[in-house]
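Participant: Structure, please.
(one chain, ligands or ions: 1)
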Amino acid sequence: MITPFQDKRIVLGVTGSIAVYKSVDLASKLAQSGAVVDVILTQSATQFVTPLTFQSVTGQPAYTDSDLWGSQGHIQHIGLARHAKQLVIAPITANTLAKLAHGIADNLLTVTALAARCPIILAPAMDGDMYAHPATQTNLDTLRQRDVTIIGPTEGHLASGMTGIGRMVESIELLGLIRYGLTRHGPLRNKKIIVTASGTYEPIDPIRGIMNRSSGKQGFALAQAALDKGADVTLISGPTHLAAPIGVDHMEIRTAEEMLAAVLKALPDSTALLMAAAVADFRPVSPTKEKVKKSAGGPKLELEATPDILAAVAKEKSKHGYPEISVGFAAESQDLISNARQKLEAKQLDLIIANDISATDAGFAVDTNRVTILDAGGGEEVLPLMSKDEVAQFVLERVIGLLGLSSNEQY
Ligand code: C5P
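Facilitator: All right, here's what the predicted structure looks like:
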């Protein structure tokens, strides 16, 4: 699967901190995602890790100060800086931060940073007192004012044995941030996309409730795919263990009623609503305040219908014109296509993604899906078994098509 990292040149600067072990992981993840990763180590970074470590995971040469004075030296820093889509320095020490803030260029990394015209991301790692020092804080402010992105540090155990703020963020967060930065010029730039995901939870008593098997995987994949196309994404999800993609505005809800309120709040000026959530159709009429006692015997549950969110959205659309596009999902165990087509019409959708939940390799909780995309014009696109990420990309391509935008402008 093509990701936004494909063939993108990223310069990864590494300075002298024990957090370099996380940068090796980051370099590996970037390379596995298709990026071309040029690593530059400072002299002190080489005390913790060797260039060979990075070369082994990136398949690219890793540079040190010896390259600054080598045969390619006079053009090396300019070349690396010019071709980079992003410069990421992780970990960055207080010392290199200070150099960047003051434009000091005394090694290959700082010379490259000064020559770079691409977006810069810095992930500081240092002892808590060094981080809190006014000099470091002033340097960070200076860099922020120059539109440099600073992520972290976070709180926790530090190499000094102390606990405090100074830990470098995890590689997965940096990967998400880099991905977000690479995709801001996509075809859906400045378009607001709302995605709902996972199931809702309808309480019976304070500790029990009715829920369903939706994992949220398809919805979260749609949110990532929309981000990858450049959109501003609001992700509204019920209870799930999944981490939200970096860059989404994430709203967590529990019940169908709360999801309705969150969707209506997010709706103004939205371009598309992708309603992937498995919203409960029924809820207990009167959830109890106290825990239902076992000794009382099996309780009789009276259920009532939850509000239909897509029906409420259709009403809003007729009044205000947004969202331009509504996409629904139909999970069915029988008469999939005819049921889905009926829903598309009843809920006034532009597309509906029909999902056969009787298959074991598709639908709830698994990583793959087999769907048919139905459109309002009567069209029917049957997709083969594919990953939920790939399904998400297909859906976003269809949304881009409906909006009359060109998806050739990749990332
Ligand atoms: O009618 P049914 O619930 O099967 O339709 C499924 C589609 O409707 C999904 O896109 C789901 O997110 C949405 N839905 C809704 N409000 C509900 C129940 C489902 O918008 N109360």
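Participant: burial measure for Tyr21, as a count.
Facilitator: 14 (other Cβ atoms under 10 Å). Yep, even glycine has a C-beta here, placed from its N, CA and C like the rest.
Participant: Leaving out sequence neighbours, find the closest residue to it.
Facilitator: Counting by Cβ to Cβ, 6 or more residues apart in numbering, Tyr21 lies nearest to Val49, which is 7.6 Å off, once chain neighbours are set aside.
Participant: Name the residues of this structure found near the ligand, please.
Facilitator: Within the chain, the positions near the ligand by Cβ under 6 Å from any ligand atom are 256, 275, 277, 279, 281, 306, 308-310, 328-330, 343.
Participant: mind redoing it with 5 Å?
Facilitator: Met275, Ala277, Val279, Thr306, Asp308, Ile309, Leu310, Gly328, Phe329 (Cβ under 5 Å from any ligand atom).
Participant: now, which of those residues sits nearest Asp375?
Facilitator: Gly328 (11.6 Å; Cβ to Cβ).
Participant: Quick check: what element follows the helix or strand hosting that closest one along the chain?
Facilitator: Assigned by DSSP states H and E, Gly328 belongs to strand 325-332. Proceeding N to C from strand 325-332, the next assigned helix or strand is helix 336-346, under DSSP H and E.
Participant: Kindly tell me how buried the residue nearest to Tyr21 is, as a neighbour count.
Facilitator: Neighbour tally, Val49, other Cβ under 10 Å: 19.
Participant: Thought Val14 was touching it, still the case?
Facilitator: Yes - applying Cβ atoms under 8 Å, one finds Val49 in contact with Val14, separated by 7.3 Å.
Participant: so what sits against both of those two?
Facilitator: Val20, Leu41 (Cβ atoms under 8 Å, 6 or more residues apart in numbering).
Participant: quick one, what contacts Ile96?
Facilitator: No, residue 96 isn't Ile; it's Thr. Contacts of Thr96 (Cβ under 8 Å, 6+ apart): Gly13, Thr15, Thr42, Ile89, Leu109, Thr110.
Participant: Not counting its neighbours along the chain, what's nearest the fourth one?
Facilitator: Taking Cβ to Cβ, 6+ apart, and ignoring the residues beside it in sequence, Ile89 has Gly13 as its nearest neighbour in space, at 3.7 Å.
Participant: what does the last one give?
Facilitator: Leaving out its chain neighbours, the residue that sits closest to Thr110 by Cβ to Cβ, 6+ apart is Lys99, at 4.9 Å.
Participant: Where does the one you found fall, secondary structure wise?
Facilitator: With DSSP H and E as the test, Lys99 turns up in helix 94-101.
Participant: After that helix, which helix or strand is next?
Facilitator: helix 108-115.
Participant: Can you point out the buried residues in that following helix?
Facilitator: Residues of helix 108-115 classed as buried: Leu108, Leu109, Thr110, Val111, Thr112, Ala113, Ala115 (neighbour count, 16 or more other Cβ atoms under 10 Å).
Participant: Using a markdown table, please lay out the residues you listed together with pLDDT and distance to Pro268.
Facilitator: Formatted as a markdown table, the buried residues of helix 108-115 follow (pLDDT from 0 to 100; distance: Cβ to Cβ, whole Å):
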| residue | pLDDT | distance to Pro268 |
| --- | --- | --- |
| Leu108 | 94 | 49 |
| Leu109 | 96 | 45 |
| Thr110 | 96 | 46 |
| Val111 | 93 | 48 |
| Thr112 | 94 | 44 |
| Ala113 | 96 | 41 |
| Ala115 | 92 | 43 |
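Participant: Can you name the residue of the stretch 51-200 of the chain nearest the ligand?
Facilitator: Thr196 (6.1 Å; Cβ to the nearest ligand atom).
Participant: Could you report the neighbour count for that residue?
Facilitator: Count around Thr196 with other Cβ under 10 Å applied: 30.
Participant: Please state the offset of the helix or strand containing it from the chain centre?
Facilitator: Per DSSP H and E: Thr196 is located in strand 192-197. Here strand 192-197 is found 12 Å from its chain centre; the criterion is Cα atoms, centre = their mean, to the nearest Å.
Participant: what does that strand rub up against?
Facilitator: Strand 192-197 has contacts (Cβ under 8 Å, 6+ apart) with 214, 216, 218-220, 222-223, 226, 231-238, 240, 248, 259, 263, 266-267, 269-277, 279, 309, 323, 399.
Participant: And stretch 290-303, by the same measure?
Facilitator: Contacts for stretch 290-303 (Cβ under 8 Å, 6+ apart): Ile204, Asp205, Pro206, Ile207, Arg208, Phe282, Arg283, Pro284, Val285, Ser286.
Participant: for the stretch 101-250 of the chain, what spans make up the strands?
Facilitator: 120-124, 149-150, 154-157, 163-167, 192-197, 202-203, 209-210, 232-237, 249-252 (DSSP state E, counting those that start in this stretch).
Participant: Please identify the most buried of the ones you listed.
Facilitator: Comparing the strands of the stretch 101-250 of the chain by mean neighbour count (mean count of other Cβ atoms under 10 Å), strand 192-197 ranks first with a mean of 28.
Participant: could I get it in PDB with only the CA atoms?
Facilitator: C-alpha atoms of strand 192-197 as PDB (Å, rounded to 0.1, in the frame of the first residue of the first chain):
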ATOM      1  CA  LYS A 192     -13.400  19.400   7.200                       C
ATOM      2  CA  ILE A 193     -14.200  15.700   7.300                       C
ATOM      3  CA  ILE A 194     -16.100  14.200  10.200                       C
ATOM      4  CA  VAL A 195     -15.500  10.500  10.900                       C
ATOM      5  CA  THR A 196     -17.400   8.400  13.400                       C
ATOM      6  CA  ALA A 197     -16.000   5.100  14.600                       C
END
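Participant: the inter-axis angle of it versus strand 325-332?
Facilitator: 10 degrees (axes from the mean of the first three to the mean of the last three Cα atoms, to 10 degrees).
Participant: Buried residues of the longest helix belonging to the chain, list them for me.
Facilitator: The longest helix of the chain (DSSP state H) is helix 388-402. Of all the residues in helix 388-402, those buried under the rule 16+ other Cβ under 10 Å are 388-396, 398-400, 402.
Participant: I'd guessed Trp169 sits against Ile121; true?
Facilitator: Quick fix: residue 169 reads Val, not Trp. No - judged on Cβ under 8 Å, Val169 makes no contact with Ile121 at a distance of 10.3 Å.
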